[in-house]
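> I need the structure of the sequence given here:
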Amino acid sequence: MPPKKEPLFIDLDETLIYAREATAPAEPPLRNSQFAAGHEIVVRPEAPELLRLCRAGGRQVFLFTRAFFGFALTASQTFALGFDERTIFSIAMILNCRRGLCPGAALIDNRPPHTESTQDKMEALGIPPEQVWVIPSFEPPHFPSARLFLLGLPHRLARLDRAAQTRPARNR
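Just a heads-up that it's a prediction; the model follows:
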């Protein structure tokens, strides 16, 4: 039986999607956008590939977002991101959960480790800055690609798994 893989936590806003409050198409509307939960939303084109790579080999992947739970769940369902009620950690959960939730995990976020929102997530998970993998922020006007990030992701995942095998059992 292969060793259990460490889980991954992925941010939602500007990582997997870009969302702005809107009840009707804005002028000009965002390219390839859809409306859900009172927001105009664009899904990062690389999101399906990112999630496929992260979930490969049975790895657990959780949405870890400062968004409200209802919005995160609606976005996941609307855009087939594959997260459900058990795999979404919202702002309330992040701020109120036990600290050091999963010290062997990694976090994929568009914000670097020194920012307040990422610090909150790191503290909740109990991870150091090197376990925060920064993806280019998906936001207008250019909506940068994550292709280079995806190319390096298998290497990062393998490194995370190797580290888990060398970590004492009490920290897994």
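
> rest of the way, CA atoms for contacts and neighbours
Noted.

> Run through the helices of this protein in chain order.
Remark: helices assigned in the chain by DSSP state H are 47-55, 69-78, 91-96, 116-125, 147-166.

> Buried deepest among those helices, which one?
Burial of those is given as mean neighbour count (mean count of other Cα atoms under 10 Å); helix 116-125 ranks first at a mean of 20.

> can I have that helix written out in CSV, keeping just the CAs?
Extracted C-alpha coordinates of helix 116-125, given in CSV (Å, rounded to 0.1, in the frame of the first residue of the first chain):
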residue,chain,number,x,y,z
GLU,A,116,-2.3,38.8,6.4
SER,A,117,-4.8,36.5,4.7
THR,A,118,-2.1,34.0,3.9
GLN,A,119,-0.7,34.3,7.5
ASP,A,120,-4.2,33.4,8.8
LYS,A,121,-4.3,30.3,6.7
MET,A,122,-0.7,29.3,7.6
GLU,A,123,-1.5,29.6,11.3
ALA,A,124,-4.7,27.6,10.9
LEU,A,125,-2.8,24.8,9.0
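
> for the protein, what helix or strand is lowest in average pLDDT?
Within the chain, no helix or strand scores below helix 91-96, which has a mean of 84 by mean pLDDT, DSSP states H and E.

> Show me what it is in contact with.
With Cα atoms under 8 Å, 6 or more residues apart in numbering as the test, helix 91-96 has contacts from 64-69, 120-121, 124.

> And the residue of the chain positioned farthest from its centre, how far from Gln34?
Within the chain, Glu27 marks the point farthest from the mean C-alpha position, 28.9 Å out by Cα atoms, centre = their mean. Distance from Glu27 to Gln34, counting by Cα to Cα, to the nearest Å: 14 Å.

> before we move on, the earlier item: between the helices of the chain, which gets the lowest average pLDDT?
Lowest mean pLDDT of the helices of the chain: helix 91-96, a mean of 84.

> Check the offset of stretch 104-124 from the chain's centre.
Taking Cα atoms, centre = their mean, to the nearest Å, one finds the center of stretch 104-124 at 10 Å from the center of the full chain.

> just stretch 133-151 next, same as before
13 Å.

> Against Ala75, how distant is the residue nearest to Leu73 when sequence neighbours are not counted?
The shortest distance from Leu73 to any residue other than its chain neighbours is 6.5 Å, reached at Asp84 (Cα to Cα, 6 or more residues apart in numbering). Separation of Asp84 from Ala75 (Cα to Cα): 10 Å.

> ok, now Gly82?
Per Cα to Cα, Gly82 is found 10 Å from Ala75.

> cool, and Gln165?
For Gln165 relative to Ala75 (Cα to Cα), the value is 35 Å.
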